[in-house]
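>>> My questions concern the predicted model and sequence given below.
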Amino acid sequence: MIDITVDLETTANGPNNSPEAHWPQNRVILWGWHEPGGPIRTDTTGGDLKKLLVDCVDNGLQVRIIGHNLKFDLKYMMREWPDLPWHEFNYACTMHRHYRLTGHKDKFISLEQLAAYHTFPFVKGLNLGALIKSGIKMEDIPMTDLIPYLEEDVKITRNIAFAQDSVDPLLESALVLPLAHMELLGLKLDSVQAASLMTKLVKDEARLAHEMELFIATHLRWSTGDPVIAGEVKFNAPRTISYLLTGKPVASIMDSKRILEWKTGSAPLLPASDWSTFWPGKVPTNLGFPMPADKLKQVQAMYPGYDYIKWVLEYRKVQKLMNTYVGPFLEKTKTIPTVHPKMNVNATATGRLSSSDPNGQNLPLAARELFESTHGLFHEIDFKQLEVVCLAAITEDPQLIADLNNGVDVHFKTGQRVMGWKTPADMTDDERKLVKNVNFGLIYGGGAAGLALQTGQTKKLVKSLIDGFYDRYPGVADWQAKFYKQVARNLKPYDIKDGEQRYHSYVTLPISNRKFHFVESASPKWLRIKTGRKYSFKPTETKNYPVQGFAGGDIVMLALVLLHQALWDFSNTDIRMTVHDSILVDSDLDVHDLEVIMQSVCIKIVTVFNLPFALAFDIKSGKNWR
C-alpha cells in the first residue's frame, strides 16, 4: 500500500467566498503531497501528482490517499482528472477517522485542534479565513508564504494519519469518494418549473396573508375602539398566534398607547384548562406561549376546524419553500444549472449523514420535483423497514427476526391486541399509520406522553400500543435496558454543572464496531426524585443512537460505497443523493438491471454484518425526483 498525503489551496471566488469545486470560477492554485521516502512536494499545476497516481495504477500498486477534510480536496482532483480510476483507490480522511474514533463526539475538528489532540506541535502560518474576510483573494497571497503553509499542513496530516493507524489501522473512509462525487455532480434544476412555482408561491403568500389579516380585523379591535388595520399586527408572529389561541399575552400586543382585545362575541380558541395539555409546566411570558410548527400541528389535530392555524402552517410552508428552496435554487443556478447540497459525514451524534446548503435530505416534495434527471430517469432505491431490520439485528429478538423472515406485518401484529383486528384487511390506513408512528417512536426512545402529543391520541391508547410491541418482542425491551445500564456503567467525569458533576460514556456496538458517545443531560423531575441527581443519560438517546447509527451510518453508507463501485463503469449512471434510508440514482439503465445490481449489494451487506435475514428494497422511478 502506497500512502499519498494530499492538500490543496484553492481560490474562493464562488458566491459568498465559496471555495467549492463545483463553481467553475474556482481553481487550484497550489498542490501539495507526500509519498513515502520522499520530501513534501508542491507545484501549481498538479501534473506531477497526477503522474504519480497514474504510475501507481499502471504498476498495479494499491494507493491510499490521505487528507484532512479529504472530501473537499477530492472534488477538485476528480474535476481536474475525471479519467483516473478513483474507485480503485483507498481513502483515509483524518477528520472523519477522528469523528469515528471519538464516538462522533468531535465533529468537524480542525487540523489545528486535531494536532493538539495528538500533542503534535503545529502553528498555522497563515489565517486564510481572516485574509479572505478582509478582502484579500487566495490567488494574491505570495507563494513564498503559501508554500511553507501548505507543506506544514501536509506534514501534520500525514503524522496524524499514522497516529490514527496505531489505534485502528482498519478504519478507512471509503464513503468519502461517493460523497465527493455526488457533491461535485449536483442536481439539475428545471428552471422553468422553478420559476413557475415561485410565481404561484408569491400569489399563495398574498392570499394567506389577506385571510389572516381579515380574521384579525373581524375578531379583534384596539382598546380605544379603533379597528385593526392590515399591517398593524404581525399576523404570523408567535405572540399574535398565542394571543389568538389563549388570550395571552395582553400587554405586549399593543402599539404605543393601545392594547389589542377581543370584540364582543369573539374569544380565544383554547380554554385555560387545555393550556397544560399543550404546554405542560409552562406559564406564558411577555411573548405568550411558544408556537413552533409541531405545537401548532398538535393544536390543529385536536381542533381541526380552526382556520387560523391552518393558514399559519400553510403560510410558513409557502415562505419556507420560497425563501429556503425555490428562491435560492433560482439564484444559485444563474451561473450553473445545478444545485449542490453538501453531504456532511462528521456532523451527527449517531453517525448518519446530514446535509446543508441546501439540506438535500429534507427537501419537501414540491422542491424535490424541481430536479430532473440528466441521464434518463431518477431511480430512488429505498430500503424497506430499515429501522425495524436494524432493531432486530441489534437486539437479536427471535420473534422479530422470525416475523421479518416470514414477511409478517410488524405493525399489524403489535397493534392487533389493542385495535381488535382479525386480519390485516381490518386496519384502516389511519390506524396503521398511528401504530406505525408509535412503533417507530418507541424505537427511537419516545415515551407514551410524548408520542400521545405527537399523534394527537390519548396517553392510555399510546401506552397500550407500546405495551403491545414489547409484549410481542420482549427481547427489544431487554436489550434497551441492558444497553442503558452499559452506558451508565462506563462513567467518566465530563464537567461540573449547577454544582453537580456530570458524566459521559462511550459504548461500542458489537455488530458494526461503531462507537457512540453519550453525555448526561438534565433529568426529568420524576428521575431526580428517584435518583437524587440532577443529571442522567437520556433513555431516548441510548435507544435511538444505536439503531439510527447502524441504519444510516453503517448499512446505508456501505450500500452507497458498494453501489458507487458497481456503477462506476456505466457511462450514463450517477448517484446523486442519499436521503436517510434511500439512494437516488440518475441512470439510463433498465430498472431490472439496477435491481440485480442492488440485490448483489444487499447480499454483500448481509455478509459483512452477518445479518439473520435478507435486506429488501423498493425502487421508485421518474423523470423528476419525487
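Received the coordinates, thanks. Numbers count the residues shown, from 1 in each chain.

>>> contacts, neighbours, all on C-alpha from now
Fine.

>>> Against which helices or strands is the longest helix belonging to the chain packed?
Across the chain, the helix with the greatest residue count (assigned by DSSP state H) is helix 191-219. Judged by 3 or more Cα pairs under 8 Å, 6 or more residues apart in numbering; DSSP states H and E, the packing partners of helix 191-219 are helix 307-320, helix 327-332.

>>> Point out the one among these that comes closest to residue 56.
Among the helices and strands packed on helix 191-219, helix 327-332 comes nearest to residue 56, with 38.6 Å by Cα to Cα.

>>> how far out from the middle of the chain is whichever helix or strand comes after the longest helix of the chain?
Of the helices and strands lying after helix 191-219 in sequence (DSSP states H and E), the nearest is strand 220-222. From the chain centre to the centre of strand 220-222 is a distance of 44 Å (Cα atoms, centre = their mean, to the nearest Å).

>>> I'd like to know how far the most centrally placed residue in the chain sits from residue 553.
Centroid check for the chain by Cα atoms, centre = their mean gives residue 354 as the closest residue, at 3.0 Å. According to Cα to Cα, to the nearest Å, residue 354 stands 10 Å off from residue 553.

>>> which residues of the protein score low on pLDDT?
Along the chain, the parts satisfying pLDDT under 70 run over 251-256.

>>> Map the structural domains onto the sequence of it.
According to automatic domain parsing, the chain comprises the domains 2-173, 191-326, 341-384+549-622, 388-548.

>>> Of those domains, which stretch is the most buried?
Each of those was scored by mean neighbour count; the highest is domain 341-384+549-622, a mean of 19, by mean count of other Cα atoms under 10 Å.

>>> one step back: list the beta-bridge partners for the residue nearest to the centre of the chain.
Beta-bridge pairing of residue 354 under DSSP bridges involves residue 344.

>>> so it touches residue 345, yeah?
Yes. If you go by Cα atoms under 8 Å, residue 354 and residue 345 touch, sitting 6.8 Å apart.

>>> quick one, phi/psi of the closest residue to residue 416 other than its chain neighbours?
In this structure, residue 416 finds its nearest non-sequential neighbour in residue 422, 7.3 Å apart by Cα to Cα, 6 or more residues apart in numbering. Dihedral angles of residue 422 (phi, psi; degrees, to the nearest 10) stand at phi -100, psi -40.

>>> ok, now residue 244?
Torsion angles, degrees, to the nearest 10, at residue 244: phi -70, psi -30.

>>> and it, what does it touch?
267-269 (Cα atoms under 8 Å, 6 or more residues apart in numbering).

>>> what's the answer for residue 65, then?
With contacts defined as Cα under 8 Å, 6+ apart, residue 65 is in contact with 3-6, 89-92.

>>> now it, which residues is it bridged with?
residue 4, residue 91.

>>> how much space between it and residue 49?
Using Cα to Cα, residue 65 is found at 11 Å from residue 49.

>>> Then residue 132?
Separation of residue 132 from residue 49 (Cα to Cα) stands at 27 Å.

>>> same check, this time on residue 186
Look at residue 186 and residue 49: by Cα to Cα, they are 26 Å apart.

>>> What of residue 325?
According to Cα to Cα, residue 325 and residue 49 sit 39 Å apart.

>>> go on, residue 366?
Relative to residue 49, residue 366 is positioned 44 Å away (Cα to Cα).

>>> Which residues are in contact with residue 104?
Neighbouring residues of residue 104 by Cα under 8 Å, 6+ apart: 346-351, 515-517.

>>> If we use 6 Å, what do you get?
Going by Cα atoms under 6 Å, 6 or more residues apart in numbering, residue 104 touches residue 349.

>>> Look at it and tell me its secondary structure.
Classification of residue 104 using DSSP: H, G, I helix; E, B strand; the rest coil returns coil.

>>> what does residue 268 give?
Recorded secondary structure, residue 268: coil (three-state DSSP).

>>> same check, this time on residue 161
Following three-state DSSP, the label given to residue 161 is helix.

>>> what does the one 5 residues further on give?
Here residue 166 takes the helix state, with states given by three-state DSSP.

>>> Quick check: it vs residue 118, distance?
Counting by Cα to Cα, the gap from residue 166 to residue 118 is 12 Å.

>>> What of residue 555?
31 Å.

>>> same thing with residue 23?
With Cα to Cα as the criterion, residue 23 and residue 118 are 35 Å apart.

>>> ok, now residue 286?
In terms of Cα to Cα, residue 286 sits 49 Å off from residue 118.

>>> Next: residue 265.
Residue 265 sits 71 Å away from residue 118, going by Cα to Cα.

>>> what's the answer for residue 439, then?
Distance of residue 439 to residue 118, given as Cα to Cα: 43 Å.
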